[in-house]
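*Asks:* need coordinates for the below:
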Amino acid sequence: MVASSCPEFSKGAIRALERLHQTRGPYLWATASPEFYAGLADLVTALHLAIVVFMIVVILAVPIGGLLGWRWVRNLPLRLVHALIMGYIVVGVLVLAGWLFVPPRRQDKSAAKSA
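*Replies:* Prediction:
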């Protein structure tokens, strides 16, 4: 029951949550509309686009700005954020894609004999 697990909620909020639980079940996200998921997909796409644009602009602006004497390209927080995002992407590619843990592929012996 919601009321016993959430003592900090007001009684009205608890009743509203219990009504949602009764009408939609425990998995509220499973009953979301297709428009909700389309909007969520658009949001994720826009976030990825913003990150890609930021990464490209900074990686091009730092050497050019260094040559032209732009002070803002020497901004330490900007470069730290850029480096952290780059590190996050590299770790994600290496770990989540399984490049560190996948053994090399071995050639199938039966295919080698028939060739």
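
*Asks:* who's in contact with stretch 58-71?
*Replies:* Residues from elsewhere that reach stretch 58-71, judged by C-beta atoms under 8 Å, 6 or more residues apart in numbering: 72, 73, 74, 78, 79, 82. No exception for glycine: its C-beta is placed from N, CA and C like everyone else's.

*Asks:* pull out the buried positions in it.
*Replies:* Neighbour-count burial for stretch 58-71, counted by 16 or more other C-beta atoms under 10 Å, picks out 58, 61, 62, 65.

*Asks:* for the chain, longest helix please?
*Replies:* If you go by DSSP state H, the chain has its longest helix at helix 34-68.

*Asks:* quick one: name whatever helix or strand follows that helix.
*Replies:* Using DSSP states H and E, the helix or strand that follows helix 34-68 in sequence is helix 76-91.

*Asks:* sorry, back to before: pick the one among the buried residues of stretch 58-71 closest to residue 97.
*Replies:* Ranked by distance to residue 97 (C-beta to C-beta), these are led by residue 58 at 24.2 Å.

*Asks:* now do the same for that closest one: its pLDDT.
*Replies:* We have a pLDDT of 94 for residue 58.

*Asks:* how close does the spatially closest residue to residue 79 that is not a sequence neighbour sit to residue 14?
*Replies:* Among residues not flanking residue 79 along the chain, residue 62 sits closest, at 7.2 Å (C-beta to C-beta, 6 or more residues apart in numbering). Going from residue 62 to residue 14 by C-beta to C-beta, to the nearest Å gives 53 Å.

*Asks:* over to residue 64?
*Replies:* On the measure of C-beta to C-beta, residue 64 and residue 14 end up 58 Å apart.
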